[in-house]
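**Q** just a sequence and a predicted model for now, questions to come.
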Amino acid sequence: MISLRRVAVLGTGILAVMAIQVAAAQPGGIHLPVAPDKAPRTIAPYFAPASAAPKAPDADGFLQRWLLLEPISKPNRSNNMFTGTYVRNAFKTEYFPGQFTVVPHDGDKVTVADKELAWHAVDSANFDAKLFRFAYGLNKQTYGVIFWAVTVVDSPSEIKNARMAVGSNAASMWWLNGEEAVSLFDDRRMVMDDIVSKRLTLKKGRNIVRGAVINGPGMSDFCVRFIDENGKPIKGITTSLQ
């Protein structure tokens, strides 16, 4: 009986913790204690500063080197509104000059709604870029946000019939050399290769990959890689931010 009682108490405790976590994730739900705004935080171990040397994708082809802009405030109490029309309108809004053309440098700053935001050149420690951890580690807004991401893919030769494969939490859009390549709408969890583009061509030399991710409550992250027609990761490319 004692063992059963302990199991019952333990199970009740676990359910209580889960209930608090679920409530905390809901708009207007329980607010768990968080570190003060001035408390020291870090983006490690999820990100490290990008080095000057070109970086190859990981063994599965995922791009890990990115320029990430600190989050833009875009309050959304739910992710259910992320229809194609809503997301396209949110992303076509000009938040800062050159958002579809500039390739920023580490430390560059833009002003959005009178708030100064900085670009950070980082290498993700994982196959995905954990945007929630990026924002939290910088003491920035974590919910109801838009993230912008840019990287430069260097290819030693022209590669035809490539495909961009993307997963994101929640909705996102991605461009290659200024052309829309992949769109992910609605409330969704990040799944590798969730949406795969039509056939694309990676130019010899520099190729600019640009993305925007929007999320309301919950975690935010994304993963991007290029695959061939057989679904295999494309080899020989590198990423750089120079």
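**A** Yep, it's here. These numbers come from a predicted model, not from an experiment.
**Q** check contacts around the closest residue in space to A59 that isn't next to it in sequence.
**A** Counting by C-beta to C-beta, 6 or more residues apart in numbering, P233 is the residue found nearest to A59 once chain neighbours are left out, at 8.0 Å. For every residue, glycine as well, the C-beta is placed using N, CA and C. Each residue near P233 by C-beta atoms under 8 Å, 6 or more residues apart in numbering is listed here: P57, A59, D60, G61, F62, R225, F226, I227.
**Q** mind running it again at 7 Å?
**A** With C-beta atoms under 7 Å, 6 or more residues apart in numbering as the criterion, the residues that contact P233 are P57, D60, G61, R225, I227.
**Q** which members of those residues are positioned in strands?
**A** Among these, DSSP state E puts R225, I227 in strands.
**Q** make a markdown table out of the contacts of P233 and add distance to I159.
**A** Compiled in a markdown table, these are given as follows (distance: C-beta to C-beta, whole Å):
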| residue | distance to I159 |
| --- | --- |
| P57 | 13 |
| D60 | 17 |
| G61 | 12 |
| R225 | 13 |
| I227 | 11 |
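**Q** bridging across strands, which residues link to the residue nearest to A59?
**A** Under DSSP bridges, the beta-bridge partners of P233 are I227.
**Q** what about it, distance to S168?
**A** Plainly put, P233 is 18 Å away from S168 if you go by C-beta to C-beta, to the nearest Å.
**Q** same question for R188.
**A** 7 Å.
**Q** more neighbours: which of those two?
**A** Legend: neighbour count by other C-beta atoms under 10 Å for R188 and S168, higher for S168 (30 against 17).
**Q** now do the more buried one, the pLDDT please.
**A** The model reports S168 with a pLDDT of 98.
**Q** and if you look at V9?
**A** On the pLDDT scale, V9 is placed at 33.
**Q** what does the one 4 residues further on give?
**A** Per-residue confidence at G13 stands at 40 (pLDDT).
**Q** and for N76?
**A** What the model reports as pLDDT for N76 is 88.
**Q** what's the answer for the one 10 residues further on, then?
**A** In this model, Y86 is scored at 97, pLDDT.
**Q** how does this protein divide into domains?
**A** For the chain, automatic domain parsing gives the domain ranges 1-33, 42-240.
**Q** kindly compare burial across the ones you listed and name the winner.
**A** Comparing the domains of the chain by mean neighbour count (mean count of other C-beta atoms under 10 Å), domain 42-240 comes out on top with a mean of 18.
**Q** could you tell me the least trusted of the domains of the chain?
**A** Among the domains of the chain, domain 1-33 scores lowest, at a mean of 38.
**Q** run through the residues that contact L202.
**A** By C-beta under 7 Å, 6+ apart, the contact list for L202 reads V153, S155, E158, I159, A162, F226.
**Q** between those residues, which is nearest M192?
**A** Closest approach between the contacts of L202 and M192, by C-beta to C-beta: F226, at 12.9 Å.
**Q** do I have it right that that closest one meets K160?
**A** No - with contact defined as C-beta atoms under 7 Å, F226 does not count as touching K160 (11.9 Å).
**Q** what helix or strand does F132 sit in?
**A** Using DSSP states H and E, the element containing F132 is helix 131-137.
**Q** before we move on, what about W148?
**A** Per DSSP H and E: W148 is located in strand 145-155.
**Q** partners of that strand in the sheet?
**A** Strand pairing (DSSP bridges) places strand 145-155 next to strand 65-69 (antiparallel), strand 72-73 (antiparallel), strand 205-215 (antiparallel), strand 238-240 (antiparallel).
**Q** I'd like the next helix or strand past it.
**A** For strand 145-155, the following helix or strand on the C-terminal side (DSSP H and E) is strand 159-169.
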